[in-house]
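> quick one: sequence plus predicted model below, questions after.
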Amino acid sequence: MKAQSLIDQLELPVVAAPMFLISGPQLVIECCKNGIVGTFPALNQRSSEGFEEWLIEIKSSLKQWEEETGKKAAPFGVNLIVHGSNPRLEADLRLCVKHQVPLIITSLGAVSEVVNAVHSYGGLVFHDVIKKRHAQKAAQAGVDGLILVCAGAGGHAGTLNPMPFVREVKEFYDGAILLSGAMSSGQDVASAMQMGADLAYMGTRFINTHESKATDEYREMIIQSGASDIVYTAAISGVHANFLGLVYKLQVLLKNNLRQLPKLILEKKWILRQKPGKLFGVQDKDLQLLRILYQLVNL
Ligand SMILES: Cc1cc2nc3c(=O)[nH]c(=O)nc-3n(C[C@H](O)[C@H](O)[C@H](O)COP(=O)(O)O)c2cc1C
């Protein structure tokens, strides 16, 4: 398969990005039925056996849906961490080959062995990068698409502004370009296309869906958060990443211990912001994925 043929199968130029502890079969299946790429990290299952069960569940649900409706589901994808610290890589890759997973999203390492294994059955490899140097290495490894993880993207992300980054990568790379980083509305998706991306790669926007595995607290945090609540730090995992929850957690902590706080702090309303942020424009905790896709088309 060529990246363009994947893009051509979509109703919206959107990939629901893989999210640790958030994305599972339900979200993936719903995405694919509704014309966007659904993905999940293989490591969201505790074992390779569990991972294979999810692959079987996704494939059989989509096949049954296709037979019932006569429609074609969008391709789905799996995220593999290509790094020595992932002891399951070999076993999980073997399962992806066995089940012919249409799209593999690689993180950390872009290696031609993985690319060749996926190409052997006609699958595609998209690789996420935060720097031009990483993009060049991945291009040399033969990946079919590059995911430019720009400033503000949830999880491990870079700090680059998307505009020059897209332009620089397009100078040497003619595969698919996916753009990532705090995109939330249809306008954001359209802007990504305008900049030269082929697909928008969105994670956080899909956390408050009925189909995600997010906790209630996390969903509430998404509603409350604004742009300045994104904290870029290496303090949590040793690698720089964007976290949304830090400021919010502090707020909850302070709210819960309100009586114990010194009067001075309360009077100054220190840290307890009164107005919810508007970063994601999300007002609902538990929307059907389909409703969010309608919003993307209309906003
Ligand atoms: C809660 C959460 C968990 C994530 N887990 C993973 C992961 O396991 N693997 C991965 O490649 N990216 C992961 N990401 C990054 C997303 O795939 C994607 O790059 C990011 O969500 C895009 O930015 P956005 O959230 O601002 O839309 C995660 C992001 C979030 C928000």
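Now that the structure is in, tell me what you want to look at. Numbers count the residues shown, from 1 in each chain.
> and Ile81, how many neighbours?
Ile81 has 17 neighbouring residues, counting by other Cβ atoms under 10 Å. C-beta here means a position set from N, CA and C on the backbone, and glycine is covered the same way.
> which residues does it contact?
For Ile81, the contacting residues are Pro41, Leu43, Leu89, Ser107, Leu108, by Cβ atoms under 8 Å, 6 or more residues apart in numbering.
> looks to me like the fourth one is in a strand.
Yes - following the definition DSSP: H, G, I helix; E, B strand; the rest coil, Ser107 is counted among the residues of a strand.
> Phe126 and the ligand, how far apart?
10 Å (Cβ to the nearest ligand atom, to the nearest Å).
> got it, and Gln187?
14 Å.
> element containing Lys137?
helix 132-141 (DSSP states H and E).
> so what touches that helix?
110-112, 115, 127, 129, 146, 148, 165, 168-169, 172-173, 175.
> want to throw the residues you listed into JSON lines with neighbour count, secondary structure and distance to Gln26?
Below are the contacts of helix 132-141 laid out as JSON lines (neighbours: other Cβ atoms under 10 Å; DSSP: H, G, I helix; E, B strand; the rest coil; distance: Cβ to Cβ, whole Å):
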{"residue": "Ala110", "neighbour count": "25", "secondary structure": "coil", "distance to Gln26": "30"}
{"residue": "Val111", "neighbour count": "18", "secondary structure": "coil", "distance to Gln26": "31"}
{"residue": "Ser112", "neighbour count": "13", "secondary structure": "helix", "distance to Gln26": "34"}
{"residue": "Val115", "neighbour count": "21", "secondary structure": "helix", "distance to Gln26": "29"}
{"residue": "His127", "neighbour count": "29", "secondary structure": "strand", "distance to Gln26": "26"}
{"residue": "Val129", "neighbour count": "24", "secondary structure": "strand", "distance to Gln26": "29"}
{"residue": "Leu146", "neighbour count": "26", "secondary structure": "strand", "distance to Gln26": "28"}
{"residue": "Leu148", "neighbour count": "28", "secondary structure": "strand", "distance to Gln26": "28"}
{"residue": "Phe165", "neighbour count": "24", "secondary structure": "helix", "distance to Gln26": "33"}
{"residue": "Glu168", "neighbour count": "16", "secondary structure": "helix", "distance to Gln26": "38"}
{"residue": "Val169", "neighbour count": "21", "secondary structure": "helix", "distance to Gln26": "33"}
{"residue": "Phe172", "neighbour count": "10", "secondary structure": "helix", "distance to Gln26": "39"}
{"residue": "Tyr173", "neighbour count": "17", "secondary structure": "coil", "distance to Gln26": "34"}
{"residue": "Gly175", "neighbour count": "22", "secondary structure": "coil", "distance to Gln26": "30"}
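> ok, which pair from these is furthest apart?
Farthest pair in these (Cβ to Cβ) is Ser112 and Phe165. Separation: 23.8 Å.
> tell me the contacts of the residue in the chain that the ligand sits nearest to?
Using Cβ to the nearest ligand atom, the single residue of the chain nearest to the ligand is Gly203, 2.0 Å away. Neighbouring residues of Gly203 by Cβ under 8 Å, 6+ apart: Ala16, Ala17, Pro18, Met19, Ile22, Ala153, Gly154, Gly155, Ser180.
> my guess is the fifth one contacts Ala214. True?
Yes - shown here, Ile22 and Ala214 form a contact pair, counting by Cβ atoms under 8 Å, at 5.4 Å.
> can you name the residues of the stretch 101-250 of the chain sitting close to the ligand?
107, 128, 149, 152-155, 180-183, 201-205 (Cβ under 6 Å from any ligand atom).
> understood, closing this out.
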